[in-house]
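Student: Generate coordinates for the sequence data below:
(chains A and B)
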Amino acid sequence: MLDWNIIVHYFPFLAKGALLTLEISILSLILGLVFGLSAALGKLSRNIVVRSMAVFYIWLIRSTPLLVQLFIIYFGLPQLGIDLGPYISGVLGLGLNVGAYNAETIRGGIQSVPSGQQEAARSLGMSSALAMRRIILPQALRIIIPPLGNNFIILIKDTSLVSTITLVELTLTAQRFIGSTYKPFEMYVMAAFLYAVLTTSASLLLGKLEARTKKGSR
Amino acid sequence: MQPEKNPNDIVPMIRIEALHKSFGDLPVLKGVDIEVPRQQVLVIIGPSGSGKSTLLRCVNHLESPTSGKIYLDGELVNDTASGHKAFEKHLNRVRCKLGMVFQQFNLFPHMTVIENVMEAPVYVLKQEKERVRSRAEGLLEKVGLLDKAGAYPSMLSGGQQQRVAIARALAMEPKAMLFDEVTSALDPELVGDVLRVMADLARDGMTMLVVTHEMGFAEQVGDRVIFMADGVIVEDAPPKEIFSNPKEARTRQFLSDILK
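Tutor: Here you go, the predicted structure:
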């Protein structure tokens, strides 16, 4: 059975690992939104160079495993003289990864806004950028937020992969204590519990955000 | 403007010259010439597929003409000579002076009624918000919807939405207004309110180019009526003539079909 002494003793240390996991998740969420929005707009761009770059980025990320992407950034790039360290490599890798998935979600949301909205905005003299910012994106957001939230939940869980590039987040913290305690069951159950706390809190927050964007909707 | 001449006599508000528009291989407009003098209401009627909506959408360049020229108050609208970026800026400027109302209203659903009306003056013309608000309230009063200022479009009937859309276009203080079958998506009992607002606007001296199936409106409010078919103007006459004594066989046929 569970060794409760171990749990009580090590829980605070794992919670600290969970804080780093949360920090990495939030940073790569922000990065993923920036990459995602840029790639979505890029894919909708009339400029063929911009469009090709966006298509290539999305294809590249979605057709390769995240673990390999992280290894290329952390272990591969130093060979080219680019040594980013575990923290930046992890956040960048996760951000790039979730960004590619976000891009398709955001693009779908933008395209689901009826074309009449764009026409009405342009007929009032709005530039295409202003129409996108004031008219199209706010409406797309309603459609985008639930699937983006999903991507974020997956991202939180995927952060466990950065334990392989020596970033001492929740999973690697647990692993390290297993080395000294020989209690893998307790350690991994605690880690799983803390991941569940993070993902569940995130989905509760997202539910609130979703409700807030629903104003005026039919 | 030349002070010694009355500009009304020289420069029409809207002038369309030899307008052609094709979608791929399909010609939709085959050489259309129209002038809308200041403060006049020109109504375009015709069967569906005759190109009348496309014509209207070419005027503010929601569709780009294949060839031909369009002038607003003497200024060339489709002035593409200056390159893509400059043309976009030019178009945005021209569109500020040319209000448009659509069949499907196209109100912004995430904004309240008054926010819809205030949006473009505040964010495009960068006018001061409180001044715009009082003007927007005046416009909503004019279309009979001041009490709905805080409502979202989804809470309004089609007729109410369309009147808000008219107020939204008027908030830019345009020189002319384009109406693209604005009552076609409305329940019959809601059409009257919208047409009344348009008739008021005409009486106040707004220059209007109106595509419609409402023959009563064309007859009573129009200064001139154009009958279009197959991408060309078949007949262009004052409403009395067109409705009581059409010269062209195609006009007669169309009118007898719809008035049956």
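Student: Let me see the backbone angles for A:Tyr57.
Tutor: Main-chain torsions, A:Tyr57, degrees, to the nearest 10: phi -60, psi -50.
Student: quick one: it from A:Gly42, how far?
Tutor: Using C-beta to C-beta, to the nearest Å, A:Tyr57 is found at 8 Å from A:Gly42. Where C-beta positions appear, they are placed from N, C-alpha and C, glycine not excepted.
Student: near chain A, anything from stretch B:49-68?
Tutor: Yes. Residues of stretch B:49-68 are located near chain A by C-beta under 8 Å from any C-beta of the partner chain, namely B:60, B:62.
Student: pLDDT of that stretch, averaged?
Tutor: Averaged over stretch B:49-68, pLDDT sits at 94.
Student: try stretch A:185-205
Tutor: Average pLDDT, stretch A:185-205: 95.
Student: ditto for stretch A:95-106
Tutor: Averaged over stretch A:95-106, pLDDT sits at 97.
Student: next one: that stretch to chain centre, how far?
Tutor: When distances are taken as C-alpha atoms, centre = their mean, to the nearest Å, stretch A:95-106 is centred 8 Å away from the chain's centroid.
Student: Is B:Leu42 part of a helix or strand, or is it coil?
Tutor: strand (DSSP: H, G, I helix; E, B strand; the rest coil).
Student: Only the buried residues of stretch B:37-53, if you could.
Tutor: Within stretch B:37-53, the residues that count as buried by 16 or more other C-beta atoms under 10 Å in any protein chain shown are B:37-38, B:40-47, B:50-53.
Student: SS state for B:Lys69?
Tutor: Of the three states, B:Lys69 takes strand under three-state DSSP.
Student: Isn't it up against B:Asn78?
Tutor: Yes. With contacts counted by C-beta atoms under 8 Å, B:Lys69 reaches B:Asn78, the gap being 6.6 Å.
Student: And these two? Which one has more around it.
Tutor: B:Asn78 (20 against 15; other C-beta atoms under 10 Å in any protein chain shown).
Student: Kindly confirm my reading that that one is in a strand.
Tutor: No. Counting by three-state DSSP, B:Asn78 is not part of a strand but coil.
Student: all helices for chain A, in order.
Tutor: Secondary structure of chain A (DSSP state H): helices at A:4-43, A:48-62, A:66-71, A:85-112, A:115-123, A:128-131, A:137-158, A:170-181, A:184-212.
Student: sorry, that was for chain B
Tutor: Along chain B, the segments classed as helices by DSSP H run B:7-10, B:52-59, B:84-96, B:113-123, B:129-142, B:158-170, B:188-203, B:215-221, B:239-244, B:249-259.
Student: tell me which strands and helices the fourth one is in contact with?
Tutor: Contacts of helix B:113-123 with other secondary structure elements, assessed using 3 or more C-beta pairs under 8 Å, 6 or more residues apart in numbering or on different chains; DSSP states H and E, are made with helix B:129-142, helix B:158-170.
Student: Give me the packing partners of the last one, helices and strands only.
Tutor: So that's helix B:158-170. On a contact count with 3+ C-beta pairs under 8 Å, 6+ apart, helix B:158-170 meets strand B:98-101, helix B:113-123, helix B:129-142, helix B:188-203.
Student: Repeat that for the longest one.
Tutor: Secondary structure elements in contact with helix B:129-142, counted by 3+ C-beta pairs under 8 Å, 6+ apart, are helix B:113-123, helix B:158-170.
Student: With distance to B:Ile10 and mean pLDDT added, can I get the ones you listed in a markdown table?
Tutor: A markdown table is the format used below for these (distance: least, C-beta to C-beta, whole Å; pLDDT from 0 to 100):
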| stretch | distance to B:Ile10 | mean pLDDT |
| --- | --- | --- |
| helix B:113-123 | 30 | 98 |
| helix B:158-170 | 26 | 97 |
